[in-house]
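>>> Below is the sequence, then the predicted model.
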Amino acid sequence: MNATSMTVAETIRWDRPVRGRVAIFGLIAAEAAIFSIFVVAYLFYIGKSLTGPMPKDVLSVPIFYTICLLSSSLTIHLAVSALRRKGVRGFAVWWFATIALGTAFLYGTATEWHRLIYHDGLTISTNLFGTTYYSLVGLHGFHVVVGLIALSIVMALALLGNVSSEHTERVDVLSLYWHFVDAVWVVVFTVVYLIGR
Amino acid sequence: MSSDSTALPRAEAASRPLVDALHGWVTTVDHKRLGILYILYALIFLVIGGIEAGIMRIQLMHAHNDFVSPQVFNRMFTMHGTTMIFFVAMPLVFGFANYLIPLMIGARDMAFPRLNAFSFWLMALGGFLLYFSLVGANGLYGAGNSPDVGWFAYAPLTSRTFSVGHSTDFWTLGLLVSGFGSIGTAINILTTILCMRCPGMSLGKMPLLAWLNLVMSGMVILAISPLTAAQVMLLVDRYLGGHFFDTQAGGSAVVWMHFFWIFGHPEVYVLAIPAFAFASEIIPVFSRKAIFGYPVMVAATICIGFIGMSVWAHHMFTVGMSSSANTFFVLSTMAIAVPTGIKIFNWLATMWGGKIEFKTPMLFCVAFVFQFLVAGLTGIMLGAAPFDWQLSNSYFVVAHFHYVIVGGILFTIFGAFYYWFPKMSGKMCNETLGKLHFWLFFIGFHLTFDFMHIPGMLGMPRRIYTYEPGRGWDVWNLIVTIGVFFQALGTVIFVTNLLWSYFNGKAAGSDPWDAWTLEWSTLSPPPAYNFASIPVVKSRRPLWDLKHPNDPDWKYE
């Protein structure tokens, strides 16, 4: 007996989900679970630090950099849409804008951390607030860095002329990851700067 | 028909030098080879973990024994638990899933073959890291040579103060790395099942094994990730001076418990659901009936998946949670018995009125049904908070979860070995040795774990390295230890059988059990491409349709 004998000549309509999208949603679920644990730890430990500095003394709300990161979701969406319409040039422009906005956000985090460490004397081992703050914001920042590396690789490929509309699905998968990183920031922002301050 | 075309490359493979063959195995991205690598890797660790269990049982054989020191005993129970869960049970589950799912859904490989290989080698590295602690954990402090904090590693035992040296770090890193591998494999399995099904195989026509592994991989994604997060926090505490679990600085040891068990309890179902999957494939074939209540089996599995994520704190009743938290976790624990009970009834109903053939795989699965029932009943007992206050951390708990993991999960895995070995190797397992293995292991299992409940009820706590004579524990511990020797002998027979049958077994042919799922439609062992042409299915039992063209399943489904 052989598999060939089971093949029926009739053609049936057979649609299945795109592999890349399913996999990235799986990854996003796993990442969301990881972030949930850090967020729960942050929420649970609010106000439990035994020594200063306390969040309300040292944290200021990073509105500008938050706008940068959130608007990068829009630019990456525009980039993918442009590519879908075969607009390779538009894709490159919007893609570059996304990288620039992401980098600006990282710069914001860097200056904030520099101020906290050298001016306010808050490190990861100073108190419970420092431990939870640097872990949660750092975990998110790590994801931004990974995203930027991936985005830059695609940018380099685009500049070399290797990205065209047939790659839309793949680029779209990367954009889903980037949207997730932005969405996580909404949660981190709310928890750290609105609830926890 | 196509056997001529596949016989040729196999003859070539036999004549290749060993280094070439090994190179082929190390660099492979074929789901079948990776599946076998997972399984062999798990078998090696099964023997190691079994030896660790044996050392503990010899130490506890009689009162005031001094076979090993208390320090070594602590390392043994830590390494035994960690090894068996992460480096035996998980790779066995993933190995079978890897091997079987593409074959059962009519695909040529997993969705992401290279991710598959990467995940396997990550898990392999994790096991290596854990055992490297034996030589590498001395570090600068010269303290400790393998993890001794217990498999759930409660804070503050894992803090630098109480765990000097690097043994705990190797434990953390080993689990972190293998956790990444597990998440990768789970995403791969999920994607394979959703995106690689052959034409005609809608979700409702998948073999139950595919359905159950879909739920399992979803649970891995949601359950292993919290463990990963918790391990990162532990590393922050140990290396960067963080305070997550540092009670001196306002941190909380109970938070670690929650984070660990949010992983720990779903993990039980991550292992149990594939065991259910094996039973759901094997029992129908040896009862000569289609599975009873396919849609209910799927629904019950999804229920278990959801409820299984919300029962974790029943491991923590003795910690002193609020009474509303206790009530919630008692009720959710009781509730999960309902879908599990539905499954047991479905397996029984499948056997009911069937023409049962008691071949070795079926023996293991029948034993599983009854043993898993008993394990579930003691689970209900421990799920009631007041009962748990009495018996938590006693040998009753140890007996309960070994009943689940050995009596439930390991028994079906043995059944799966005997059932799919002909497909993987092309040779039949020896039935006499198989039955000998079953009976030895069955007797050993019941000697060990039935009688282990009793010293637990008499107050013997787990993880003690010795005890005073005259507490009524002595005779029970002796019986428990005697059972271990039966199990060890059974395992030796099992490995002997695998080796003997691989070289001397009679040829299996493509479909030795007269089964109904797609993996039996291709050669044994299957060629690298699995199917010469991608099959098209019309029902849940495509091979039944093929063998009975006048009475196909799709007319009734």
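Here it is on my side, so go on.
>>> I'd guessed residue B:520 sits against residue B:419; true?
No: with contact defined as C-beta atoms under 8 Å, residue B:520 does not reach residue B:419; the gap is 10.6 Å. (Glycine included, C-beta is placed from N, CA and C.)
>>> which residues do those two both contact?
residue B:513 (C-beta atoms under 8 Å, 6 or more residues apart in numbering or on different chains).
>>> give me every residue that touches residue B:103.
The neighbours of residue B:103, taking C-beta under 8 Å, 6+ apart as the test, are B:32, B:423, B:518, B:519, B:522, B:526, B:530.
>>> Mind checking which of the residues you listed are in strands?
Counting by DSSP state E, the contacts of residue B:103 place none of their members in strands.
>>> near chain A too, which of those residues?
On the criterion C-beta under 8 Å from any C-beta of the partner chain, B:518, B:522 are the entries of the contacts of residue B:103 that sit beside chain A.
>>> quick one: secondary structure of the residue of chain A found nearest chain B?
Ranking the residues of chain A by distance to chain B (C-beta to the nearest C-beta) places residue A:125 first, at 3.1 Å. The three-state label for residue A:125, taken from DSSP: H, G, I helix; E, B strand; the rest coil, comes out as coil.
>>> wait, it sits on residue B:244?
No: using C-beta under 8 Å, residue A:125 is not in contact with residue B:244; the gap is 11.3 Å.
>>> Which neighbouring elements make contact with the helix or strand of chain A with the lowest mean pLDDT?
Least confident element among the helices and strands of chain A, by mean pLDDT, DSSP states H and E: helix A:55-58 (a mean of 92). With contacts taken as 3 or more C-beta pairs under 8 Å, 6 or more residues apart in numbering or on different chains; DSSP states H and E, helix A:55-58 sits against no other helix or strand.
>>> where are the low-confidence patches of chain B?
Filtered on pLDDT under 70, chain B yields the residue ranges B:1-15, B:139-144.
>>> Report the central residue of it.
residue B:89 (3.0 Å; C-alpha atoms, centre = their mean).
>>> Quick one: neighbours of the nearest residue to that residue once chain neighbours are set aside, just the number.
Using C-beta to C-beta, 6 or more residues apart in numbering or on different chains and skipping residues adjacent in sequence, the residue nearest residue B:89 is residue B:271, 4.9 Å away. As a burial measure, residue B:271 scores 23 neighbours (other C-beta atoms under 10 Å in any protein chain shown).
>>> Phi first, then psi, for residue B:108.
Main-chain torsions, residue B:108, degrees, to the nearest 10: phi -90, psi -20.
>>> Ignore what I typed, I meant residue B:394.
Note on residue B:394: backbone dihedrals following degrees, to the nearest 10 are phi -110, psi 180.
>>> And for residue B:507?
phi -60, psi 140.
>>> how about the helices in chain A?
In chain A, helices defined by DSSP state H lie at A:19-45, A:55-58, A:63-84, A:88-118, A:128-159, A:168-189, listed in chain order.
>>> mind exporting the shortest one as PDB, just the C-alpha atoms?
It stands for helix A:55-58. The C-alpha atoms that make up helix A:55-58 are tabulated as PDB, following Å, rounded to 0.1, in the frame of the first residue of the first chain:
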ATOM      1  CA  PRO A  55       9.300  56.200  42.000                       C
ATOM      2  CA  LYS A  56       7.500  59.500  42.600                       C
ATOM      3  CA  ASP A  57      10.900  61.100  43.500                       C
ATOM      4  CA  VAL A  58      12.900  60.100  40.400                       C
END
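>>> That one: which residues count as buried?
Under the neighbour-count criterion of 16 or more other C-beta atoms under 10 Å in any protein chain shown, helix A:55-58 has A:55, A:58 buried.
>>> What segments of the stretch 101-250 of chain B are helices?
For the stretch 101-250 of chain B, the helices identified by DSSP state H, counting those that start in this stretch occupy B:113-136, B:167-195, B:208-239, in order along the chain.
>>> Can you say which of those helices is nearest to residue B:94?
Checking the helices of the stretch 101-250 of chain B against residue B:94 by C-beta to C-beta gives helix B:167-195 as the closest, at 5.1 Å.
>>> which of the residues in that closest one are buried?
The neighbour-count check on helix B:167-195 (16+ other C-beta under 10 Å) flags B:167-195 as buried.
>>> residue in chain B nearest to chain A?
When C-beta to the nearest C-beta is the measure, chain B has its nearest residue to chain A at residue B:241, with 3.1 Å between them.
>>> What about the nearest residue to that residue once chain neighbours are set aside, how many residues nearby?
Counting by C-beta to C-beta, 6+ apart, residue A:125 is the residue found nearest to residue B:241 once chain neighbours are left out, at 3.1 Å. Per other C-beta under 10 Å, the neighbour tally for residue A:125 reads 16.
>>> Also residue A:193?
One way to gauge burial is a neighbour count; for residue A:193, by other C-beta under 10 Å, it gives 17.
>>> Low-confidence ranges, chain A, go.
A:1-12.
>>> again, 80 this time
Filtered on pLDDT under 80, chain A yields the residue ranges A:1-13.
>>> would you put the C-alpha positions of stretch A:177-192 in CSV?
Listed next in CSV are the C-alpha coordinates belonging to stretch A:177-192 (Å, rounded to 0.1, in the frame of the first residue of the first chain):
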residue,chain,number,x,y,z
TYR,A,177,6.5,41.7,16.2
TRP,A,178,7.1,45.4,16.1
HIS,A,179,3.5,46.2,16.8
PHE,A,180,3.7,43.8,19.8
VAL,A,181,6.8,45.6,21.2
ASP,A,182,4.8,48.9,20.9
ALA,A,183,1.7,47.4,22.6
VAL,A,184,3.9,46.1,25.4
TRP,A,185,5.1,49.6,25.9
VAL,A,186,1.6,50.8,26.5
VAL,A,187,1.3,48.3,29.3
VAL,A,188,4.8,49.1,30.7
PHE,A,189,4.1,52.8,30.5
THR,A,190,0.8,52.5,32.3
VAL,A,191,2.2,50.3,35.0
VAL,A,192,5.5,52.1,35.6
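>>> can you pull the buried residues of it?
In stretch A:177-192, the ones that count as buried by 16+ other C-beta under 10 Å are A:177, A:178, A:180, A:181, A:182, A:184, A:185, A:188, A:189, A:191, A:192.
>>> Likewise for stretch B:515-533?
When burial is assessed from 16+ other C-beta under 10 Å, stretch B:515-533 yields the following buried residues: B:515-527, B:530-532.
>>> what's the offset of that stretch from the middle of its chain?
Between the centre of stretch B:515-533 and the centre of its chain there are 25 Å (C-alpha atoms, centre = their mean, to the nearest Å).
>>> Show me what the least confident helix or strand of chain A is in contact with.
Contact with helix A:55-58 is made by A:46, A:116, A:120, A:122, A:129, A:133, A:192, A:196, A:197, as judged by C-beta under 8 Å, 6+ apart.
>>> Can you flag the buried ones in those?
In terms of neighbour count (16+ other C-beta under 10 Å), the buried residues within the contacts of helix A:55-58 are A:46, A:116, A:122, A:129, A:133, A:192, A:196.
>>> residue contacts, the nearest residue to residue B:293 once chain neighbours are set aside?
Setting aside the residues directly before and after it, residue B:293 is nearest to residue B:346 in space (C-beta to C-beta, 6+ apart), at 4.6 Å. Under the criterion of C-beta under 8 Å, 6+ apart, the neighbours of residue B:346 are B:291, B:292, B:293, B:296, B:297, B:300.
>>> repeat for residue A:108
By C-beta under 8 Å, 6+ apart, the contact set of residue A:108 is A:62, A:64, A:65, A:68.
>>> right, and residue B:210 touches residue B:102 too?
No: with contacts defined as C-beta under 8 Å, residue B:210 does not count as touching residue B:102, sitting 9.9 Å away.
>>> Distance-wise, check the residue lying closest to residue B:534 once chain neighbours are set aside relative to residue B:209.
Counting by C-beta to C-beta, 6+ apart, residue B:534 lies nearest to residue B:198, which is 5.2 Å off, once chain neighbours are set aside. Remark: distance between residue B:198 and residue B:209 (C-beta to C-beta, to the nearest Å) = 15 Å.
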